[in-house]
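Colleague: Quick one, fold the following:
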Amino acid sequence: MTTDQFSVADKNVIITGSSQGIGAVTARRFVEDGANVVVSSRTQEKIDDVVDDLDGPGRAIAIECDVRDRASVGALIEATVEEFGSVDVLVNNAGASFMSNYEDISENGWKTIVDINLHGTYHCSQLAGEQMRNGDGGVIVNLASVAGMDGAPYMSHYAAAKAAVVNLTKTLAFEWAGDDVRVNCVSPGFVATPGVESQMGVTAEEIDRTAVDRRIGLSEEIADTIQFLSSKGASYITGETIVARGVPDIMESPDL
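Modeller: This is a model prediction of the structure:
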């Protein structure tokens, strides 16, 4: 049985927020599979380091971009097309959060988180989507969170923004289906990224997959899902959100 339908070889891919965590691991996976990847984040030095560590048949370049700034996103898309000729896949991975009681979140704090998680997805999808719709189509994979599905105490700003990303995914998939642009979403549970490490004190090295304990996932497991949605293997899937968490959300009956 062939598995070629799950390959992203020769695809031209932009991954935002790929200086670490899920984004960096996804960049490595794509380059190893033969994709041309733009590693992008707000800090040039960090993405340069990621690109230096990548090795595979695919090519990778680092382009600094602040997804909150439309001009910066426009420059990212333009540079990608100039270097690789097209944008075939966009992975909207850039995100940020901090923990706070709702009543203590300042207007600036709320705006910052919404700008990165939601407005960044808006800017990148609209500008990359223009290239896709005027070309041969393409794929957009948005990164949301179980916080956007279930709510998240002490992260209300993040949860609200991610809920909007889930909704936008379905709406945009409908509008652009006729342009051969598929739009899907991945909503991870707790994943051992640097952000989760700082909040929960759990590192990827501590997770033992030989034991049946999937309360915290690995970036590689989310990268697998992103690659699937980016490939021909998911050609009949659009407008969907895949919730990637090792423990199902099941309502338990109350004790009687």
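
Colleague: where does the stretch 51-200 of the chain have low pLDDT?
Modeller: Under the criterion of pLDDT under 70, the regions of the stretch 51-200 of the chain flagged as low confidence span 194-200.

Colleague: Grab the longest strand from the protein for me.
Modeller: The strand of greatest length in the chain, counted in residues with DSSP state E as the criterion, is given as strand 181-188.

Colleague: which residues touch that strand?
Modeller: Residues external to strand 181-188 that are found in contact with it (CB atoms under 8 Å, 6 or more residues apart in numbering): 22, 125, 129, 132-133, 137-146, 148-149, 162, 165-166, 169, 172-173, 176, 217, 222, 225-226, 229, 234-235, 237-245. (Each C-beta comes from the backbone N, C-alpha and C, glycine too.)

Colleague: and the gap between the most centrally placed residue in the chain and Thr26?
Modeller: The residue at the geometric middle of the chain, judged as the C-alpha nearest the mean C-alpha position with CA atoms, centre = their mean, is Asn93 (2.8 Å). According to CB to CB, to the nearest Å, Asn93 stands 7 Å off from Thr26.

Colleague: now Ile216
Modeller: Applying CB to CB, the value for Ile216 to Thr26 is 18 Å.

Colleague: now swap in Asp115 and tell me
Modeller: To Thr26, Asp115 is 23 Å away according to CB to CB.

Colleague: who has more neighbours, the two?
Modeller: The neighbour count for Asp115 versus Thr26, taken as other CB atoms under 10 Å, is higher for Thr26 (28 against 18).

Colleague: What segments of the stretch 51-200 of the chain are strands?
Modeller: According to DSSP state E, counting those that start in this stretch, the stretch 51-200 of the chain carries its strands in the segments 60-64, 89-92, 138-143, 181-188.

Colleague: Figure out which of those is closest to Asn12.
Modeller: strand 89-92 (7.3 Å; CB to CB).

Colleague: Can you show me the helices along the stretch 51-200 of the chain?
Modeller: Along the stretch 51-200 of the chain, counting by DSSP state H, counting those that start in this stretch, helices occupy 70-84, 107-114, 120-133, 147-150, 156-176, 194-200.

Colleague: Tell me which of those lies nearest to Gly17.
Modeller: Ranking these by their distance to Gly17 (criterion: CB to CB) puts helix 120-133 first, at 8.4 Å.

Colleague: Is there a neighbour count for Phe98? I'd like the number.
Modeller: Neighbours of Phe98 (other CB under 10 Å): 14.

Colleague: again with the one 4 residues further on
Modeller: Summarising burial for Tyr102: neighbours were counted as other CB under 10 Å, giving 11.

Colleague: Can you name the next helix or strand after the helix or strand encompassing Ile14?
Modeller: The secondary structure element spanning Ile14 is strand 12-15 (assigned by DSSP states H and E). Remark: after strand 12-15, the chain's next helix or strand is helix 21-32, criterion DSSP H and E.

Colleague: ok, back up a step: would you mind putting the CA coordinates of the longest strand of the chain into CSV?
Modeller: Taking C-alpha atoms only, strand 181-188 is exported to CSV below (Å, rounded to 0.1, in the frame of the first residue of the first chain):
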residue,chain,number,x,y,z
VAL,A,181,-8.9,26.2,-1.0
ARG,A,182,-9.4,23.8,1.9
VAL,A,183,-9.5,25.3,5.4
ASN,A,184,-9.3,23.1,8.4
CYS,A,185,-8.4,23.5,12.1
VAL,A,186,-6.5,21.6,14.7
SER,A,187,-7.4,22.1,18.4
PRO,A,188,-4.8,20.5,20.6
